[in-house]
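Asker: Need coordinates for the following:
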Amino acid sequence: MKAIIKIFTLAFVLIHLVFYVPLTHAQKVEIIEGVRVVHNEKPKWGNNPKLEIEFVQKIGDLDALDENFQLYRHRDVTRDKSGNIYILDSGNYRIQKYDAKGKYLKTIGRKGQGPSEFNGRPLSLGSDTEDNLYVTTSSMLQVLTSEGRELRRVRFRGSSPHSTKYLTNSQLVAFYEDTKSSLRKGESKEKEMQDKVVKLYDLEMNLVHQFIDPGIYTYKGNSEVIRSCFLADGPDGSIYVTYRHLNSIEKYSPDAKLLMKIDRKLEVDITPKFEEIKIQDYEGINWITPPATMHFGVDDKGRIWVLTYAKPFLPSKMKSDEIAEFLKTGLKLEVFDTDGILLGAMPVGIIMEYMKICGDRIYFIDPVITYAVYEYKIVEK
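Answerer: Numbers count the residues shown, from 1 in each chain. Just a heads-up that it's a prediction; the model follows:
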């Protein structure tokens, strides 16, 4: 009988270890329906992160005299095998190519409908192992050589995506969002939101997978998508998703199977909030929930870098100089390892709106105030 009790006790302990794994430093891991779920209360490294970012260079400037450094509404960056840097200068309908030291090399594309021209404003930029460039506009995917010769173009089928990301396994992942920051009273988008909001395509724009529900939040008969998300990919071909207004970072397999969910303690309250507005004859609902995440990326070692808020950010209630000051002081970078454990966090101190990670480099992109791209290198302490 004692032997049977020992066996049952051992089995219970083993099950507990497999399905519920408490970690030191206030991290906790659960396995829920085959998905690794990581809850982070404090960083593993405490206040002494073992990684840092080292400034390399700044490309572009508000007061630049050379038109090749006059960037406008730029929103994406990629690098080739030689270290050349390509900046998607969306507002000028072009790609600016620089060498590894920031020397201007070439302008690729312009506004137009011919080969190597962009009919719609470019949205995203990526590159493959042969240094070909993948540019998406609101209506199509265009593939160009690193010198700017167009190889092919394929149109999107159906509605245009809100944002896209070229994946290194020759697929395109797209986020669809059909929503407004302000809706008239009584308007509902329930009917339009039956589809998933993230879709995976091959390079012929054939739908391969779709995943993630829109996450509809309803307030007084008004519906709002709260799963506005950012997309990234890892060195193993995995797809990563995080959300502007949700405390969740998710990892999916290349075939869109959910593998891991990560949360962490936030500095801001992201409980959905609305306010009623009335301007003359217009009555509506305005979304006023502070965002949780500004952007993110995954480095060449599979670490996840999340640009998040150290304090609430409500630009609709701030003056332009207050926004600029916030973007310098109100952001921090959180770093997670490949298992979803929060390693540490560090202040940024740069004005930016987007970020992009290429290998061991982080590019902070400011298309609004300084009109620049800042390159940093990830350094192990």
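Asker: how does the protein divide into domains?
Answerer: Split into domains by automatic domain parsing, the chain comes to 1-32, 40-380.
Asker: can you tell me which of those the model trusts least?
Answerer: If you rank the domains of the chain by mean pLDDT, domain 1-32 sits at the bottom with a mean of 57.
Asker: Pipe the domains of the chain into TSV and attach mean neighbour count per row.
Answerer: Heads up, the C-betas are built off the backbone N, CA and C, glycines and all. Converted to TSV, the domains of the chain look like this (neighbours: other Cβ atoms under 10 Å):
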stretch	mean neighbour count
domain 1-32	11
domain 40-380	17
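Asker: Identify the residue nearest Val198 in space, chain neighbours excluded?
Answerer: Computed as Cβ to Cβ, 6 or more residues apart in numbering, the closest residue to Val198 that is not its neighbour in sequence is Ile212, at 4.5 Å.
Asker: For the one you found, give me its contacts.
Answerer: Contacts for Ile212 (Cβ atoms under 8 Å, 6 or more residues apart in numbering) come out as 196-198, 227, 229, 241.
Asker: Just the ones of the residues you listed in strands?
Answerer: Residues of the contacts of Ile212 located in strands (DSSP state E): 198, 229, 241.
Asker: okay if I get the residues you listed as TSV plus distance to Asp321?
Answerer: TSV is the format used below for these (distance: Cβ to Cβ, whole Å):
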residue	distance to Asp321
Val198	36
Cys229	30
Val241	34
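Asker: In the sheet, which residues pair with the most centrally placed residue in the chain? Tell me.
Answerer: Nearest residue to the geometric centre of the chain (Cα atoms, centre = their mean): Phe230, 3.2 Å. Beta-bridge pairing of Phe230 under DSSP bridges involves Thr242.
Asker: quick revisit: Gly349: which of the ones in strands among the contacts of Ile212 is nearest?
Answerer: Cys229 (26.0 Å; Cβ to Cβ).
Asker: All the helices of the chain, in order from the start?
Answerer: Taking DSSP state H as the criterion, the chain carries its helices at 2-19, 320-329.
Asker: Would you mind pulling the contact partners of the last one?
Answerer: The set of residues that contact helix 320-329 without belonging to it, under Cβ under 8 Å, 6+ apart, is 310-311, 313, 315, 318, 347, 349-353, 366, 369.
Asker: of all those, which comes closest to Ile270?
Answerer: Phe313 (11.1 Å).
Asker: Can you give me the distance of that closest one to Phe274?
Answerer: Distance from Phe313 to Phe274, counting by Cβ to Cβ, to the nearest Å: 17 Å.
Asker: go on, His39?
Answerer: For His39, the distance to Phe274 - Cβ to Cβ - is 28 Å.
Asker: for Pro312, same thing?
Answerer: Taking Cβ to Cβ, one finds Pro312 at 16 Å from Phe274.
Asker: what's the closest of the ones in strands among the contacts of Ile212 to Trp45?
Answerer: Trp45 has its nearest neighbour among the ones in strands among the contacts of Ile212 in Val241, at 25.0 Å by Cβ to Cβ.
Asker: Now for the closest one: which residues touch it?
Answerer: Counting by Cβ under 8 Å, 6+ apart, Val241 has contacts 198, 212, 229-232, 249-250, 252.
Asker: quick one, what contacts the closest residue in space to Lys317 that isn't next to it in sequence?
Answerer: Here the nearest residue to Lys317 in space, its sequence neighbours aside, is Ile288; by Cβ to Cβ, 6+ apart that works out to 7.9 Å. For Ile288, the residues meeting the contact criterion (Cβ under 8 Å, 6+ apart) are 273-275, 314, 316-317.
Asker: got CSV for those, with distance to Val154 too?
Answerer: Converted to CSV, the contacts of Ile288 look like this (distance: Cβ to Cβ, whole Å):
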residue, distance to Val154
Lys273, 41
Phe274, 39
Glu275, 42
Leu314, 40
Ser316, 38
Lys317, 42
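Asker: which two in those are spaced the farthest apart?
Answerer: Using Cβ to Cβ, the two most remote members of those are Phe274 and Lys317, lying 14.1 Å apart.
Asker: Tell me who's in contact with Asp119.
Answerer: In this structure residue 119 is Asn, not Asp. Contacts for Asn119 (Cβ under 8 Å, 6+ apart) come out as 111-113, 137, 139-140.
Asker: now, which of those residues sits nearest Phe175?
Answerer: Closest approach to Phe175 among the contacts of Asn119 (Cβ to Cβ): Thr137, at 15.2 Å.
Asker: Please report how far that closest one lies from Leu200.
Answerer: Thr137 is 19 Å from Leu200, where distance means Cβ to Cβ.
Asker: And for Leu71?
Answerer: Leu71 is 31 Å from Leu200, by Cβ to Cβ.
Asker: can you check Asp366 too?
Answerer: The spacing between Asp366 and Leu200, counted by Cβ to Cβ, is 30 Å.
Asker: next one: His295
Answerer: Distance from His295 to Leu200, by Cβ to Cβ: 21 Å.
Asker: likewise Val348?
Answerer: Using Cβ to Cβ, Val348 is found at 31 Å from Leu200.
Asker: Phe118 now?
Answerer: Here the distance between Phe118 and Leu200 works out to 24 Å (Cβ to Cβ).
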